[in-house]
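Chemist: Pasting a predicted model and its sequence here:
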Amino acid sequence: MSFSQSLWNANQALFQSTLELPFNQELASGTLSRERFRHYMIQDAHYLVAYGRALAVTAAKSDNAEGVVQFANAANEAVVVERALHGGFMRDFGVTPEQFAATPLTPACHHYTSYLLATAWSATYPVAVAALLPCFWIYAEVGRDIHARSAKDNPYQAWVDTYASEEFHAAVRGVCATVDRLAEEATEATRAAMHAAYKDAARLEWMFWDSAYRLGDWQGSLR
Ligand SMILES: Cc1ncc(C[n+]2csc(CCO)c2C)c(N)n1
């Protein structure tokens, strides 16, 4: 079994509970409230910029030229998607640039982005890449699942289509191939650290959707 497959298998139960989250269930049926989607979209725009930075730092740590291109391209893509959100969904959902700028990161978004940036800056290249993988892989598989059972005339169809696209799945395979090559060359301790980083990020993916459904925010005076 490939190393990336062992990462997936070790977190299978967590993936199942991610698919079952009310946010994803209602995204598929098209019944998710506009308020929840709007909340999610604003937080995701914050997330995408931080994720782009984490990718760029990881690109700089790569042990070969292919890795620099792979992760720098992904950093570019993350920011392109973020811009598309602003130009499309945010406009449709009535979020102005001023409202976006005035909305701080929620605890879940702050936690996930802080984790990714800290790992990208402080961990070794193989561990940094393992922390970035759930973002690609879990989204692609959640996208595929939702796409397969998406309701007719789903108001969120454009969103669903983005993450079920073949282009996106090809990027996932590319990151898995890098993870597999790095794991092959790594010590047992590094492989264990890669497993731990993947699991941390996979949990934070779960938490991000859970928080969006709950309209998660800082409590009272912490706001
Ligand atoms: C919380 C959260 N997690 C993952 C993604 C998906 N995603 C964001 S950037 C990127 C790779 C380069 O485009 C992928 C797969 C998301 N949007 N939001």
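Modeler: In hand now; what should we look at? All of these numbers come straight from a predicted model, not from anything done at the bench. Numbers count the residues shown, from 1 in each chain.

Chemist: Near the ligand, which residues of the protein? Just list them.
Modeler: For the chain, the residues in contact with the ligand (C-beta under 6 Å from any ligand atom) are 44, 47-48, 51, 74, 77-78, 81, 135-136, 139, 205, 208. Glycine gets a C-beta too; all of them are placed from N, C-alpha and C.

Chemist: Of all residues in the chain, which one is nearest the centre?
Modeler: Cys135 (3.0 Å; C-alpha atoms, centre = their mean).

Chemist: my read: that residue touches Tyr198, true?
Modeler: No - if you go by C-beta atoms under 8 Å, Cys135 and Tyr198 don't touch, sitting 10.7 Å apart.

Chemist: between those two, what contacts are shared?
Modeler: By C-beta atoms under 8 Å, 6 or more residues apart in numbering, Cys135 and Tyr198 have no common neighbours.

Chemist: and stretch 152-166, average pLDDT?
Modeler: Averaged across stretch 152-166, pLDDT comes to 86.

Chemist: Stretch 84-94 now?
Modeler: 86.

Chemist: And that stretch, end to end?
Modeler: 15 Å (C-alpha to C-alpha, to the nearest Å).

Chemist: just to revisit the earlier point, can you tell me the helix or strand for the residue nearest to the centre of the chain?
Modeler: Counting by DSSP states H and E, the element that carries Cys135 is helix 125-149.

Chemist: Pull out the buried positions in that helix.
Modeler: Buried residues in helix 125-149, defined by neighbour count with 16 or more other C-beta atoms under 10 Å: 125-143, 145-147.

Chemist: Tell me the first helix or strand C-terminal of it.
Modeler: With DSSP H and E, the next secondary element past helix 125-149 is helix 157-164.

Chemist: From the chain's centroid, how far away is that following helix?
Modeler: Its chain's C-alpha centre and that of helix 157-164 lie 14 Å apart, by C-alpha atoms, centre = their mean, to the nearest Å.

Chemist: How about stretch 33-52?
Modeler: 11 Å.

Chemist: got a list of contacts for that stretch?
Modeler: By C-beta under 8 Å, 6+ apart, stretch 33-52 touches 23, 26-27, 75-76, 78-79, 81-82, 85-86, 89-90, 93-95, 99-100, 103, 105-106, 108-109, 112-113, 116-117, 132, 135, 156, 208-209, 211-213, 215.

Chemist: Give me the number of neighbouring residues for Ala78.
Modeler: Neighbourhood size, Ala78 [other C-beta atoms under 10 Å]: 20.

Chemist: Report the contact partners of it.
Modeler: Per C-beta under 8 Å, 6+ apart, neighbours of Ala78: Leu48, Val49, Tyr51, Gly52, Leu55.

Chemist: What distance do you get for Ala158 to Ile146?
Modeler: Here the criterion is C-beta to C-beta, to the nearest Å. By it, Ala158 lies 13 Å from Ile146.
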